[in-house]
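here is my input; please provide its structure:
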Amino acid sequence: SSIAVDIAHNANLLQIIGNRITATAANGVGLQLMVDGLIPSWQVVRNNMIACSGSARGIQLTGTVNGLGMHYNSVSTVSGFALNITASGSGNELIGNILRSNTGYALYRTGGLTFSQAHHDLLWSAGGNLAFWGGPHSDLPCLQAATGQFGSSLSVDPLFVDDFNDLHLQSNSTCTGQGIAIPGLSDDLDGDARSLPAASAP
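I've put the predicted structure just below:
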């Protein structure tokens with residue numbers, strides 16, 4: 001396997017912002033994180049595009065992950081999990097992200113990690129494997145009932161310009177206007193100002 005970006009960090013100041021990451025190796029990972037912080041606004045993964053081919057996974061949380069803010073990332077995979085969680089930890093945020101997979105799970109959680117906030121996200125799997133969280137969940141209402149989270153979220157194809165080469169949104173994407181403003185996050189990956197509510201992605 002191959003990990004494009006692998007971060008192990010135990011301080012409370014971390015910024016992974018505005019990157020385009022690709023993973024092409026079988027069972028590879030775009031971004032792997034094992035981080036221990038206190039406040040999600042100090043330890044952030046924001047405005048990244050992560051595209052994976054084959055069985056590569058997008059974002060993988062492993063070990064212990066505390067106080068991590070994941071905001072407005074766009075992740076696209078083929079058969080791998082868009083977000084794979086084997087970690088434990090608490091005080092994390094998942095807000096405004098697009099997690100898309102052709103045939104794999106958009107979200108796959110087997111660890112004990114919890115989110116203090118998880119909302120305004122888009123989860124989509126064309127293969128019907130939307131999420132695994134204590135068991136499989138084929139649709140968003142099922143996941144919401146199981147977790148009590150993911151309010152104001154969507155489960156539709158985000159309509160990227162290209163699912164691997166360009167994760168900007170097409171003009172007719174349902175995502176437009178469905179985000180939420182986050183303090184300290186006023187622009188997107190291209191440096192364009194986010195409207196209120198946030199409309200561009202990531």
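
lowest average confidence, helix or strand, in the chain?
Ranked by mean pLDDT, DSSP states H and E, the weakest helix or strand in the chain is strand 166-169, scoring a mean of 89.

with just CA atoms, put that strand into PDB.
Extracted in PDB, the C-alpha atoms of strand 166-169 (Å, rounded to 0.1, in the frame of the first residue of the first chain):
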ATOM      1  CA  ASP A 166     -11.300  18.000 -11.000                       C
ATOM      2  CA  LEU A 167     -13.400  18.000  -7.800                       C
ATOM      3  CA  HIS A 168     -14.900  21.400  -8.400                       C
ATOM      4  CA  LEU A 169     -18.700  21.300  -8.600                       C
END
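
can you tell me the strand partners of that strand and which way each runs?
strand 160-162 (antiparallel) (DSSP bridges).

for the partner strand, the distance to its chain's centre please.
Strand 160-162 sits 17 Å away from the centroid of its parent chain (CA atoms, centre = their mean, to the nearest Å).

try stretch 41-49
10 Å.

so which bits of it are buried?
43-49 (16 or more other CB atoms under 10 Å). Where C-beta positions appear, they are placed from N, C-alpha and C, glycine not excepted.

could you redo the residues you listed as CSV and give each row secondary structure and distance to residue 5?
Output for the buried residues of stretch 41-49, formatted as CSV (DSSP: H, G, I helix; E, B strand; the rest coil; distance: CB to CB, whole Å):
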residue, secondary structure, distance to residue 5
43, strand, 15
44, strand, 15
45, strand, 10
46, strand, 14
47, coil, 15
48, coil, 9
49, strand, 12
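
quick one: which of the residues you listed is nearest to residue 35?
Of all these, residue 43 has the smallest distance to residue 35: 6.1 Å, by CB to CB.

list the contacts for that closest one?
Counting by CB atoms under 8 Å, 6 or more residues apart in numbering, residue 43 touches 9, 12-14, 35, 37, 67-69.
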